[in-house]
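> Show me the folded form of this:
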Amino acid sequence: MANSFIKELKRRNVFRVGIAYLISAWVVAQVTDLVLDGINAPDWVMQAVLLGLGLGLIAALIIAWAYEVTPEGIKKEKDVVRDESITNITAKKLDVITLVAAVAVLGIFGWQQINPVPINPESSELDKFKENSSAKLTTSVKLNNPPVGILRESDSKSIAVLPFTNMANNPESEAITLGLHDDLLTHISKISELKVISRTSVLRYRDTQKSIGEIAQELGVANILEGGVQRAGNQIRINIQLIDAKTDEHLWAEIYDRELTTSNIFRIQSEISEKIAAALKATLSPQEQQNLHTKSTDNIDAYNAYNAGRQRILSRKSSDLKQALALFQRATKLDPDFALAYVGQADTMRLLNEYSDLPRPDMLELGEALVARALSIAPELAEVQTSRAAFLYERGQFAEAETVFKYSLSLNPNYATTYHWYGLMLREYSGRYSEALSLHRKAAELDPLSPVILVNVGWTLFSSGLQKQALAQFYRVLELAPDFSGALTGVSIIKARAGEFEQSIIWARESTAADRGNIDFIANLIRMYLNIGELNTAKKLLSEAKIKVPHHESYIYVESAIDLFSGNDVRALIRVEEALKIQPENSRLKGLYAFVSMLNGRYKIAIEHWTNLSPGKDGKLFGITARNIGDVPGLAWSLKQSGETEQAEQLIAQAFEMINKLPPQNIRWSKIGLMAVQGDSQSAAQAYAVAIKENKIEDWYWIEQMPYFSEVKKRPEYIAARQQLMNKLELQREKLARHDRLENSP
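Here you go, the predicted structure:
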């Protein structure tokens, strides 16, 4: 019975109809999806098409069973004489239809492999990250993949001081509770034999439900100090206990009942520090003994204002930094001899230049005066010396800064900021990436949950040529702190370095939304719009941003980039000249002035400014570093045009020696530029074509405006590669536009 039914299905071509229909329906669905995607049709349209195709299959099978094609037309199967049936001829026609449909399937599949359909914007990497990230900014989360730099190992002399509990649970006691915790950390960190976790990381365990063992494992310590503070009028009680994290046993505990004065507070902290050192068998040097008994201020209100400022500086948000500066200023007004509060002001001014809108000349002038004041009061403090070193390297005095950083570490080997900023100098100004990474990992060991430090581990990985590791680091930091704008910008810039400009813009928007007062983040977003070829959008964003801070150096850079993109070299020169009148000592602007002078044929001026900024040693004209390698093609071209061909060739040879030591992504355009300056237009064009093929196209428009690139642009390799570049940018603009339409749809 079953066999005869199957034979009848075959005779009536039901199977052939089903197969032909399914293959044809797949082709129709693919083509329809492409069309609907192109016109941005709503999802329900495609769902309706698929439903219709499914119902059509049922109808086709029923018709194939009940009806038959005959020379006289379609008849019911029961009305067809079996001897006159032509189902065998119909079968051959169905086989042809199936074959044609199968060829179409293969063609569509092959086209999709060569030209993958862009990921729908609703599934952008940012959205997918947000959907998939289970981690939030709470202490209840444990990172399965901790950021690079968090060390799990512990030793017997390592300790984390957890945030103290406000036992009175009233706002009046909150400030003093935070201050006591912060100052005790500062005291303990001065003991060189101890490894002490910094405040940024331990603050995340406030009100935590985690066990002592879990916290110790996450922070990489063997011991935990916890305590509570209770204030009643002018009396204060502090309950302290030191716990062995492995055994959960109390190594030492004490209760302090004292009158609330700064003298008593510092005396208690000194006693606690000495008891901890004794319990952990750490030997105190005479200098450490003296440091533990040194008071920072006698004014309780200045003390509270300083500690409140320290709380706000952690986020690096522009609004918090401005509040921190006001609090530090209040502290020094209340106590003019409060050295740490002067350091707080100076450090905040550096950060306001980097993360907000404080002009660099103001930062240097005001900040250096504050550091000088702190040095006159307490030169033995590591915080003071670290701030001093930071301003030295801001002035380009790198050797002097390095000496001071090392001296600061001898004063306090547990001050994470010293390792952090010392590493920044080595990375940004010396190209000593391996040493910088070691310093940043040490900073992360001491402050393992600090987003700022962990992001800089990522940037150092990036500068070292380890882009995949850097991207993974930024993602992990975002699991730790989802709204940390530094990590968002990090992802944006890595996406740009990979030539994924539409993704870079999406991440950069998120970064600027997280901190609208950060000028560098806004400048980065403008630059990404230039990368994708959206000149008008870049101009509009710049015009809106400049209303508040018209002369900030970051805006001058992107303005010059817009001039360059537009081919207006003269306007760029005038713009930078005007900026230098306002900021004549700004070294970054001097470098930009050398560059735009070269573009305008003012070669002598360009040579003078570049060589003054980086004078060479041992008879060399120019001191080439990882930071200024991009200036060498312009300088070499200027020398050639000035008749200094021999010096130009020597400089190019030195540059290629440096290039061989640097990560490829840091020197791609510099290398192509040097080939062009040498007159090897063929090699330069071929290298340009490779860059486009590999999607290494960030800042592509810069090299196109260089005078030494004119011969390269005539080469067929360049012409073909540039067309590929334009096609890539057009596709990315379409993807970004589709993303924006969906974002803005109701």
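> can we go C-alpha only for contacts and neighbour counts from here?
OK.
> For residue 735, give me the pLDDT.
pLDDT, the model's per-residue confidence, is 92 for residue 735.
> The helix or strand hosting it packs against which elements?
Element membership for residue 735, per DSSP states H and E: helix 716-744. Where contact means 3 or more C-alpha pairs under 8 Å, 6 or more residues apart in numbering; DSSP states H and E, helix 716-744 is packed against helix 501-514, helix 681-693.
> Once you drop chain neighbours, what's closest to residue 432?
residue 426 (5.3 Å; C-alpha to C-alpha, 6 or more residues apart in numbering).
> ok, now which ones touch that neighbour?
Neighbour list for residue 426: 432-433, 435-436 [criterion: C-alpha atoms under 8 Å, 6 or more residues apart in numbering].
> Surely residue 155 touches residue 219?
No. With contact defined as C-alpha atoms under 8 Å, residue 155 does not count as touching residue 219 (11.7 Å).
> Have a look at the two and say which one is more surrounded.
Per other C-alpha atoms under 10 Å, whichever of residue 155 and residue 219 has more neighbours is residue 219, with 24 against 12.
> Could you give me the buried positions within the helix holding residue 735?
Across helix 716-744, burial judged by 16 or more other C-alpha atoms under 10 Å covers 717-718, 721-722, 725, 728-729, 732-733, 735-736, 738-739.
> Can you redo these as a markdown table, where the extra columns are distance to residue 256?
Listed next are these as a markdown table, based on distance: C-alpha to C-alpha, whole Å:
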| residue | distance to residue 256 |
| --- | --- |
| 717 | 79 |
| 718 | 77 |
| 721 | 75 |
| 722 | 74 |
| 725 | 71 |
| 728 | 69 |
| 729 | 68 |
| 732 | 65 |
| 733 | 66 |
| 735 | 64 |
| 736 | 62 |
| 738 | 64 |
| 739 | 61 |
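> how many neighbours does residue 332 have?
Residue 332: 22 neighbours (other C-alpha under 10 Å).
> Could I get the full set of strands for the stretch 201-350 of the chain?
Counting by DSSP state E, counting those that start in this stretch, the stretch 201-350 of the chain has strands at residues 223-232, 235-244, 249-259.
> between the second one and strand 223-232, how many degrees?
Computed with axes from the mean of the first three to the mean of the last three C-alpha atoms, to 10 degrees, the direction of strand 235-244 lies at 170 degrees from that of strand 223-232.
> Which other helices and strands does strand 235-244 contact?
Judged by 3+ C-alpha pairs under 8 Å, 6+ apart, strand 235-244 is in contact with strand 223-232, strand 249-259.
> winner for burial among the helices and strands packed on helix 716-744?
helix 501-514 (a mean of 23; mean count of other C-alpha atoms under 10 Å).
> So which residues make contact with the next helix or strand after that helix?
Per DSSP H and E, the first helix or strand lying C-terminal to helix 501-514 is helix 519-531. For helix 519-531, the surrounding residues in contact (C-alpha under 8 Å, 6+ apart) are 354-357, 489, 496, 501, 504-505, 508-509, 511-512, 516, 535, 537-539, 541-542, 545, 554-555, 558, 561-562, 565, 698-701.
> Please apply the same query to stretch 664-679.
Stretch 664-679 is contacted by residues 463, 465, 497, 629-630, 632-633, 636-637, 649, 652, 656, 659, 681, 683-685, 687-688, 691, 696, 703, 708-709, 711-712 when judged by C-alpha under 8 Å, 6+ apart.
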